[in-house]
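> One predicted model, sequence on top.
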Amino acid sequence: MTGRRIGCRICAMVRQVFMVSSFDFPDAVVLNVDLGRGTVRREIIPGRDYRLYPGGSALAVRLLLEKMNPGVDALSPDNLLVFAVSPFTGLPTAGLSRIAAAAKSPLTGGIGDSQAGGFLPAEFAANGISALAVSGRSEQPVYLHIKDGTAEIRPAGHIWGKTTGDGEDLIREELGCDVEIAQIGPAGERLVRFACVVHNCSRANGRTGMGAVMGSKNLRALAVSRAAKPRPASPEAFRDINRRLAERLDDPFWEDFKDTGTPGNVEPLRDMGYLPRNNYSSGWFPDFKGIRIKGGGKCYVCPLACKRVAEKSPGVEPRYGGPEYGTIAAVGSYCGITSGESIKISHQICNMYGMDTISCGATVSFAIDCFSKGLISERDAGMKLSFGDSESVHRLMMMVAEREGIGDILAEGSARAAQIIGRGAPDLVTATKGQELPAHMPHFKPSLSLIYAVNPGGADHQSSEHDTMLFAQEGSHARRWLSSLGVSDDSFARQSPRKAKMEMDGLRVRFALLTQRFYSLLDTLCLCQFVWGPSWQALGPDDVLDLASSGIGWETSLEELMEIGERKLNMMRHFNAREGFTKEDDALPRRFFEPLPDGPSKGARIDRRNFDEARELYYSLAGWDASSGNPSPEKLKSLSLEWLI
């Protein structure tokens, strides 16, 4: 590290402590839209406050805590839905076009939070808006047209009931092609609790049911007109980031990633026995070959072009994108499906109707599991259900989207559906806090068992770094970046992940917490986790500091940035505490404590005692109350959150 960089960090730390700086952090502009009253009101958050919650999830959760009372029904007009970007959104480099959506989740009953990329976030920021806070409920279906820094409420009755592709076409017929669109589909209109918000028919604020919240407000879409993008504060220094990025992307790893993308995870995880199969009852699926989906789908000014795009075939349209690893597993191996065409069709159904692919696939696999154990009859389901039957999987997904027959029960999510079905159904649910689990098995990545449990929004694989990065080679930028966060040298393993014993210890708990804070920061600054991150990504923590300096003139420190991530996590936990959540909600599915039955992973399980000890240590390291698992008043005060007490 150069002497100049050390000096800059020391100065930044001093300014943070005394809350003085020659740099004026930009103000945040919030558009408050009350759909019940039909009003749009502009609000300014001063830069000195915005710096504590500088965009994305942090700004959104701050607005929820400030403007919404605890205990509201997530599908009532009283729930507040916030879309938020950051001061960096739309700047001309990779990974800076993302947007957070947050509200009380209709799926979990706690904080709902989800991110999406593409082109709309850059245009949202270009219109001079930091956040859009939507309250109330319109009497008739509407959509919002954002242009010139304000929002117009427009009728959407003619769009209601249409698929996302048809809805997008109708909006473009009205407004022209120079708009970017995020919308719900029929599933969101029918309040499917894991409905999502679909961008350009192919990307989504996927998790925690934000599409159902939009549907409850009779809000079909956001249409954002294109505008002039922001310019970096120091153009030459900003160009250095792009030069550095180009150099790092000129590497065989990134060429392979562009080619295979996340679907490249399928075969190695399958071979190790950690590809979830048949509702997570096994990790061994030797017949599952996966599918190759070409890349080429881009986000704003990003050269990586990692988004999968399915080729046109009978029943498959490229405009709906292509499945990533998580979707391939959820609608494929979770359901015992091996057909690549079936997986692409399932993915398209979710994007056409606006459903989270992970929760949808997991809920369908739960239903098949219930059927196989006699908890659901053929009469209940309206058909026979079996693992590996593509036709019944597609039909059941459509029934969920339309809340038809048993689909009306499954549209509540697997946890609520299990309570309705009763008997042994709750033991078959693979969810935490009511949100279905993604396809990264904690039997192989034990720190995820902890993060899946304690994460405020429920199970999420993009809330921390994965254990496999603890096997990074000495001298690699992954080790250097993780060490800069406070991950100790002793944390890194000396064996390959195939040979190492996978269990939680104090070092791994600390690794989970520190990387969770950094990923929390990424979702605050709205940075893409495939470009920016603490380990395998192209740009790391030092590059984030350079982005802050050259992008908006913010001379900050890694300490301040990590505290921002920590502050957001504590606000989310406090939100859940207001809704009655305790440490009892930081639990794992029963199935995870049972040994896997077959294949190379036979016998692997989460040790309950080890998990409980790791969770207690996590609370201690986080500075949370040991009895409730929630932030203490002292902790909130230390993070400038005394206004929550």
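Here it is on my side, so go on. Only a predicted model underlies this, so the values are computations on that prediction, with no experimental measurement involved.

> tell me the domain boundaries of the protein?
By the record's domain assignment, the chain is partitioned as 28-225, 261-428, 446-644 (automatic domain parsing).

> Work out the gap between the last one and the centre of the chain.
Centroid displacement of domain 446-644 relative to its chain, using C-alpha atoms, centre = their mean, to the nearest Å, is 14 Å.

> how long is that domain from one end to the other?
Domain 446-644 has an end-to-end distance of 33 Å (C-alpha to C-alpha, to the nearest Å).

> Over to the first one?
Domain 28-225 has an end-to-end distance of 20 Å (C-alpha to C-alpha).

> looking only at pLDDT, what's the mean for that domain?
Average pLDDT, domain 28-225: 98.

> How about the second one?
For domain 261-428, mean pLDDT is 96.

> residues in contact with Asp523?
Asp523 makes contact with Gly56, Ser57, Ala58, Ala100, Asp113, Gln115, Lys568, according to C-beta atoms under 8 Å, 6 or more residues apart in numbering. All C-beta spots, glycine's among them, are computed from the backbone N, C-alpha and C.

> ok, Ser281 - contacts?
Taking C-beta under 8 Å, 6+ apart, we find Ser281 in contact with Asp369, Arg591, Pro597.

> out of the domains of the chain, which comes closest to Arg244?
domain 446-644 (6.9 Å; C-beta to C-beta).

> Report the beta-bridge partner residues of the most centrally placed residue in the chain.
Geometric centre of the chain, nearest residue: Ser114, 4.4 Å, by C-alpha atoms, centre = their mean. Judged by DSSP bridges, the bridge partners of Ser114 are Ala101.

> doesn't Ala212 make contact with it?
No: counting by C-beta atoms under 8 Å, Ser114 sits too far from Ala212 to count as a contact (11.7 Å).

> The domains of the chain: which one's closest to Asp240?
Closest approach to Asp240 among the domains of the chain (C-beta to C-beta): domain 446-644, 7.2 Å.

> quick one: terminal-to-terminal distance for stretch 627-642?
21 Å.

> Mean confidence (pLDDT) on that stretch, please.
97.

> Mind giving me the packing neighbours of the host helix or strand of Ala415?
Ala415 is located in helix 414-421, with elements delineated by DSSP states H and E. In this structure, helix 414-421 makes packing contacts with helix 357-372, helix 407-410, judged by 3 or more C-beta pairs under 8 Å, 6 or more residues apart in numbering; DSSP states H and E.

> would you list those helices in CSV and tack on distance to Asp607?
Output for the helices and strands packed on helix 414-421, formatted as CSV (distance: least, C-beta to C-beta, whole Å):
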stretch, distance to Asp607
helix 357-372, 24
helix 407-410, 32
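
> Local confidence estimate at Gly551?
Per-residue pLDDT puts Gly551 at 98.

> Please tell me how far it sits from Leu59.
17 Å (C-beta to C-beta, to the nearest Å).

> Mind checking which of these two has more residues around it?
Remark: of Gly551 and Leu59, Leu59 carries more neighbours, 29 against 25, as counted by other C-beta atoms under 10 Å.

> would you list every one of the strands in the stretch 101-250 of the chain?
111-116, 131-135, 142-147, 150-155, 179-183, 197-199, 203-205, 219-225 (DSSP state E, counting those that start in this stretch).

> Single out the most deeply packed of the helices and strands packed on helix 414-421.
Most buried of these, by mean neighbour count (mean count of other C-beta atoms under 10 Å): helix 357-372, with a mean of 28.

> could you point out which element follows it?
From helix 357-372, the next helix or strand downstream (DSSP H and E) is helix 378-381.

> okay, the angle between the following helix or strand past that next one and helix 357-372?
Counting by DSSP H and E, the element after helix 378-381 in chain order, helix or strand, is helix 390-401. Between helix 390-401 and helix 357-372, the angle comes out at 110 degrees (axes from the mean of the first three to the mean of the last three C-alpha atoms, to 10 degrees).

> Now do helix 390-401 against helix 414-421, angle only.
Interaxial angle, helix 390-401 versus helix 414-421 (the same axes, to 10 degrees): 90 degrees.

> Who are the packing partners of helix 390-401?
Checked by 3+ C-beta pairs under 8 Å, 6+ apart, helix 390-401 has helix 186-189, helix 340-353, helix 357-372, helix 407-410 packed alongside it.

> and the angle for that helix with helix 340-353?
10 degrees.

> What lies in contact with helix 390-401?
Residues outside helix 390-401 that contact it (C-beta under 8 Å, 6+ apart) are 185-187, 190, 192, 331, 335, 337, 339, 342, 345-346, 349-350, 353-355, 360, 363-364, 367-368, 381-386, 404-407, 410-411.

> so what's the residue nearest to Tyr280 when sequence neighbours are not counted up against?
Computed as C-beta to C-beta, 6 or more residues apart in numbering, the closest residue to Tyr280 that is not its neighbour in sequence is Thr430, at 4.4 Å. The contact partners of Thr430, by C-beta under 8 Å, 6+ apart, come to Asn279, Tyr280, Ala362, Phe366, Ser414, Glu436, Leu437, Pro589, Arg591.
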